Every structure is written in C-alpha cells, then in structure tokens.
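Visitor: Sequence plus predicted model, see below.
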Amino acid sequence: MNISHLRYVVCIAEMGSINKAAEELHVAQPNLSRVIKEMETDLGIRFFRRSSRGMRLTADGESFVNQARNILGQIDELENRYKSMGGKKQCFSISVPRASYISDAFAVFSRSLDNMEADIFYHESNNTLQTVKDVLEGSYNLGIIRYDASYDKYFKQVLEKKGLSYELVSEFCPVLVMREDSALAGRDVICYSDLTHFIQIAPADSYVPPLFLSSEKEKEYPAVSRHIYVSERGIQFDLLTQNPETFMWASPLPERVVKNLHLVQRECIDSRLQYRDMLIHPADYQLTILDKRFITDLTSSRRNCIK
C-alpha cells in the first residue's frame, strides 16, 4: 500500500463510482479495481458495497477513508510548504544493483546538478524483490532490478501485478574481473575448470526467488570451493586489487575503472548466463527532469560499457 493507493480509495468514496474515479485519476479502470481488491485482501476488510446508488463505504471503509484523508492532508501540507518556498528544491532517489556502469552514470549525472537545490538518494542493493518493495512503498522513486534472463516472464508478471512500469536498461553476459597480474589473466582462454583453485568474491545479499535458488547457485558458482561474501562494492574492489587469487563475476566495467585499478575483465567460454537490468517505477509516476537526466546518462554509460 502506498500514497497513490490511499488516493484511489478516497477518490472512489468521493465519486461513488470506480469508473468515474478512474477517469479522475487517469488510471485504467481494471487496474484501479485490481488495486482495491489487493488492498482489501491484504488488510482483511471490505471498503465498499455496491448499491443502486453506486459504491458505498462499509463501516471499515469509512474508518479507513477518514484516516487516509488525514494522512493525505498532512502530505499535501508538506508539499505546499516546500512549494511556497519557491519550488526550487527537487528530489532524485533510486535503488540499484551494484554495477560500475550504473555508478559511472550517476557520477556523470551528479555533475549536471550545478547549483540546483536538490536532495539526491542513491542506494545499492542486490536484493531484487526488496528493491521492488522499496519502489512500491515510495522509499525510492526509481529502481533498477537485475535478474537472470531465463526468469524474464516471472519478473515481468510480478511487476505488472504490482502496478509497476518497467523498461529494459541493459542485457549482458557477466564477465570475470581480476587483477592484471593474476594467473587467470594470463590464460588465453578461461573455462570453469580454471576457476577451481581461485577465490570467488560474491555479493552477500544476492537474491532470486527461492524456487530457483539451488539451480541458480549451481550455474553461477561452478566448481569453486572458496568464496568471500561481501556486501560493500568498495571492499570487493579492495580484495580484487590486493589479492591476486581472487576474481569476481560482474557486469562489464567502464574502461576507466579497469585502468585505474589495474584490473582486467575477461569472458568465460563455459558461461551461458545472461542478465537483464530493468528500470522500474510506479505506473502513475511522472518522471522528473532529474529522472530524465539520469536515464540519459545511464544510457550513455551502458553503450560505452556493454557492447
């Protein structure tokens, strides 16, 4: 449940009709009906009952709408307070997977802010479904989720069910990253069997649906007996640059990062994995000027890194 959902219930109560509310909110009627049904299921109450006069609130619905109006009134008051200050301050927020081409785009984006008054929030996480939840609850306006392309249908169904819009950012095969003087880097061709005696650096909070977990781990960590699980991307790079026995699977890195850290990125001929990064936001969310600037820089960085 998010702020938009509160507005949906209040609008239906005021209009007395889902069709009229859909027109007022500029939301498709089937989507509005679905959201209301999901809210009723989650909360265990009924908001409305149908009558000859249209949609009428139940006792539970009336109590809910009264509280929702109070909450929305406070939100409107907060918005008006900042708008009365001149409307100069803007906000940009996004939750993303750990990926150097995305952070590179964010760094470029930050230079475009100039003297603009803005609050900027950038959060890295490999927990895909947590990012979906954060965007739904309004913790972040935008999100980028990463998943194995073979589960594309599953994730798109989840996003559509939750009322989220999605757009493909990139599709890539993960590469192996290691120190330039690593024994792995000296091989003409790298196979899964070559990784056996090295140490794999892996994210500590990666997530795919539990149904797929065992098969996913088997595909992603073949024949490697030693792993270091790390949550912070900075520490991952510290390990790579200081320990020649380590390697990491990653999305293709910007050449600037590879050169500055004295790393190399190589393909593994046995790997058949393919991942997708998908930009998500609520279907009724209007992209801001800052959102559009970031997306432009993201597209440019992706083109430079992922061929």
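Guide: Alright, I've got the coordinates. Note that the structure is predicted; figures quoted are calculated from it, not measured. Numbering: from 1, shown residues only.

Visitor: residue ranges of the helices in the stretch 101-250 of the chain, please?
Guide: Counting by DSSP state H, counting those that start in this stretch, the segments of the stretch 101-250 of the chain that form helices are 128-136, 152-161, 213-220, 233-242.

Visitor: Next, format those as TSV and append mean pLDDT and mean neighbour count.
Guide: Where you see a C-beta, it was placed from the backbone N, CA and C, and this is true even at glycine. Converted to TSV, the helices of the stretch 101-250 of the chain look like this (pLDDT from 0 to 100; neighbours: other C-beta atoms under 10 Å):
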stretch	mean pLDDT	mean neighbour count
helix 128-136	91	19
helix 152-161	93	14
helix 213-220	46	13
helix 233-242	92	16
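
Visitor: do you know which of the ones you listed lies nearest residue 196?
Guide: Proximity to residue 196 (C-beta to C-beta) singles out helix 213-220 among the helices of the stretch 101-250 of the chain, at 15.0 Å.

Visitor: Mind putting the helices of the stretch 101-250 of the chain into TSV with distance to residue 226?
Guide: Formatted as TSV, the helices of the stretch 101-250 of the chain follow (distance: least, C-beta to C-beta, whole Å):
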stretch	distance to residue 226
helix 128-136	26
helix 152-161	31
helix 213-220	15
helix 233-242	12
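
Visitor: What are the neighbouring residues in contact with residue 60?
Guide: By C-beta atoms under 8 Å, 6 or more residues apart in numbering, residue 60 lies in contact with 45-47.

Visitor: Quick one: these as a markdown table, columns for distance to residue 112 and secondary structure too.
Guide: Supplementary listing: the contacts of residue 60 in a markdown table, determined by distance: C-beta to C-beta, whole Å; DSSP: H, G, I helix; E, B strand; the rest coil:
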| residue | distance to residue 112 | secondary structure |
| --- | --- | --- |
| 45 | 46 | coil |
| 46 | 48 | coil |
| 47 | 44 | coil |
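
Visitor: Specify which member of these is nearest to residue 230.
Guide: residue 45 (44.1 Å).

Visitor: And the pLDDT at the closest one?
Guide: According to the prediction, residue 45 has pLDDT 91.

Visitor: what about it, neighbour count?
Guide: Residue 45 has 14 neighbouring residues, counting by other C-beta atoms under 10 Å.

Visitor: Quick one: mean pLDDT for stretch 5-14?
Guide: For stretch 5-14, the per-residue pLDDT averages 90.

Visitor: try stretch 276-291
Guide: 93.

Visitor: again, but for stretch 70-80
Guide: Averaged over stretch 70-80, pLDDT sits at 82.

Visitor: Flag every buried residue along that stretch.
Guide: Within stretch 70-80, no residue counts as buried by 16 or more other C-beta atoms under 10 Å.

Visitor: ok, and what's touching it?
Guide: So stretch 70-80 is contacted by 3, 6-7, 10 (C-beta under 8 Å, 6+ apart).

Visitor: do the same with stretch 168-178
Guide: 101, 144, 149, 184-185, 190, 195, 240, 244, 246-253, 263-268, 271, 273-279, 298-299, 302, 306.

Visitor: what about that stretch, start to end distance?
Guide: Length of stretch 168-178, first residue to last, C-alpha to C-alpha, to the nearest Å: 28 Å.

Visitor: Same check on stretch 102-119?
Guide: This stretch, stretch 102-119, spans 19 Å end to end (C-alpha to C-alpha).

Visitor: domain assignment for the protein?
Guide: As given by automatic domain parsing, the domain ranges for the chain are 3-83, 90-171+276-305, 174-273.

Visitor: can you pull out the strands in the stretch 201-307 of the chain?
Guide: In the stretch 201-307 of the chain, the segments counted as strands under DSSP state E, counting those that start in this stretch are 226-230, 246-250, 263-266, 275-282.

Visitor: Just say which of those strands is most tucked in.
Guide: Of those, the one with the most neighbours on average (mean count of other C-beta atoms under 10 Å) is strand 246-250, at a mean of 23.

Visitor: any idea of the mean pLDDT for that one?
Guide: On average, strand 246-250 scores 94.

Visitor: name the helices or strands packed onto that strand?
Guide: Where contact means 3 or more C-beta pairs under 8 Å, 6 or more residues apart in numbering; DSSP states H and E, strand 246-250 is packed against strand 175-179, strand 199-203, helix 233-242.

Visitor: Please identify which of those is closest to residue 293.
Guide: Of those, nearest to residue 293 by C-beta to C-beta is helix 233-242, at 23.3 Å.

Visitor: what's in contact with that closest one?
Guide: Residues external to helix 233-242 that are found in contact with it (C-beta under 8 Å, 6+ apart): 98, 103, 124, 177-179, 201, 203, 228, 230, 246-248, 261-263.

Visitor: can you rerun that using 7 Å?
Guide: 98, 124, 177-179, 201, 228, 230, 246, 248, 261-263 (C-beta atoms under 7 Å, 6 or more residues apart in numbering).
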